[in-house]
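Student: sequence plus predicted model, see below.
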Amino acid sequence: MDSMGERSRAVLRFIVEAYLREGGAVGSRTVARGGPLGLSPASIRNVMADLEEAGLLRAPHVSAGRVPTEAGLRFYIDTLMEAGELSPAERKALEAARGASAEEVVARAGAVLSDLSSAAALVVAPASGGAVEQIQFVALAPGRVLAVVVLEGGRVENRLLDAAADAPLAALEAASNYLSARLAGRTLEQARGAVEAEVAQGRADLDAVTARLVRAGLEVIPAGGGTGRLIVRGQARLLEDVRAAADLERARGLLAYLEEAQGAARLLSLVEGARGVQIFIGAQNPAFDQSGWSLVLSPYRAEGRALVGAVGVIGPVRLNYDRIIPMVDYTSRVIGAMVEEAGG
């Protein structure tokens, strides 16, 4: 690839940009009419054949057109793409939360990034360090429970957890009362050991269903340290580019995957040693067990360069990379500065 000629680079760049813009296969006549080199369709077909042999293009079906492979998209991003610049209005929008609490900063930044990028935005918020005032379990559907956690200062965090499909209202109330009584005014670290010991030794006087809820609650209640929580904004945008029933199921599967308790930790593991934007295309993404998606992710750090969280955009591989990459980069720097100012 390093020795690729200028003609091949120009053809690959044209095809990738047309694919990202239109979403369909690009034929040799289209490249010949719009490409920068003035080559004939026959010459273009020869170049496309070479690019396909190199693993940078593929034929999606019997059409004569080609689309980029994941390797082709990676080569384009790393070598051929020219990143755009944010407008003053976009910068101002991303900076609008200045002066707010750390909690509000990350929530607003995720919403703005989703709007500006027209994609789903992910933000790993800093871990909450406050004591718990109250916890309540609310049934959403069979096997799905929402844990509503009220922290000192009135902050509220909602966490989804898996529970027994037959969890009755009495068990939800009993688990809520049990944990609220033992966590009130204390951080999770201060109370976890005692609660786990009570449950494990049967001294908590809880039935089996309630005990399972208590254990699940301990896993999702925010601790004073750890990896924080994952905030997703613009989930509906993941469904906008769906073209078939199989794509819809993949999108739903990705949304369910993002809701899992370890989502924040998985994202942070991708950028732990990184100093800038990281791009994961399709199968290159080790954090999500879902194919067909791209993730553009950047860490944000405290003044001492310690990793605080991460921010990014996730969507189909046809993301507008030249626009989204600088946007994610700027957002991560803005969040890092604002969280530091807010004492987060």
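Tutor: Noted; the coordinates are in hand. Being a predicted model, the structure only gives us computed values, none of them experimental. Numbering: from 1, shown residues only.

Student: tell me which residues of stretch 6-17 are tucked away?
Tutor: Across stretch 6-17, burial judged by 16 or more other Cβ atoms under 10 Å covers 7, 8, 9, 10, 11, 12, 13, 14, 15, 16, 17. Just so you know, the C-beta spots here come from the backbone N, C-alpha and C atoms, and that holds for glycine as well.

Student: for those residues, which one is nearest residue 274?
Tutor: For the buried residues of stretch 6-17, the closest approach to residue 274 (Cβ to Cβ) belongs to residue 16, at 24.3 Å.

Student: tell me the first helix or strand C-terminal of the one helix or strand that closest one maps to.
Tutor: Assigned by DSSP states H and E, residue 16 falls within helix 6-22. The element immediately downstream of helix 6-22 (helix or strand, assigned by DSSP H and E) is helix 28-34.

Student: avg pLDDT for whichever helix or strand comes after that following helix?
Tutor: Counting by DSSP H and E, the next helix or strand C-terminal to helix 28-34 is helix 41-53. Averaging pLDDT along helix 41-53 yields 92.

Student: tell me which residues in helix 41-53 are buried?
Tutor: For helix 41-53, using 16+ other Cβ under 10 Å, the buried residues are 41, 43, 44, 45, 47, 48, 50, 51.

Student: the helix holding residue 16 versus helix 41-53: what angle between them?
Tutor: Put simply, helix 6-22 runs at 80 degrees to helix 41-53, going by axes from the mean of the first three to the mean of the last three Cα atoms, to 10 degrees.

Student: so how far is helix 6-22 off the chain centroid?
Tutor: In terms of Cα atoms, centre = their mean, to the nearest Å, the centre of helix 6-22 is set 27 Å apart from its chain centre.

Student: other SSEs contacting it?
Tutor: If contacts are counted by 3 or more Cβ pairs under 8 Å, 6 or more residues apart in numbering; DSSP states H and E, helix 6-22 sits against helix 28-34, helix 41-53, strand 67-68, helix 70-75.

Student: can you give the strand pairings for the very next helix or strand once past the second one, parallel or anti for each?
Tutor: Translated: helix 41-53. Counting by DSSP H and E, the element after helix 41-53 in chain order, helix or strand, is strand 57-58. With DSSP bridges as the test, strand 57-58 is paired with strand 67-68 (antiparallel).

Student: can you give the distance of the strand it pairs with from its chain's centre?
Tutor: 24 Å.

Student: state the mean pLDDT of it.
Tutor: Averaging pLDDT along strand 67-68 yields 94.

Student: and what of stretch 84-91?
Tutor: Here the average pLDDT along stretch 84-91 is 92.

Student: how about the residue lying closest to residue 108 once chain neighbours are set aside, what does it touch?
Tutor: In space, and not counting its chain neighbours, residue 108 is closest to residue 97: 4.0 Å by Cβ to Cβ, 6 or more residues apart in numbering. Applying Cβ atoms under 8 Å, 6 or more residues apart in numbering to residue 97 gives the contacts 104, 105, 108, 109, 338.

Student: contacting residues around the first one?
Tutor: I take that to be residue 104. Taking Cβ under 8 Å, 6+ apart, one finds residue 97 in contact with residue 104.

Student: look at it and give its secondary structure.
Tutor: helix (DSSP: H, G, I helix; E, B strand; the rest coil).
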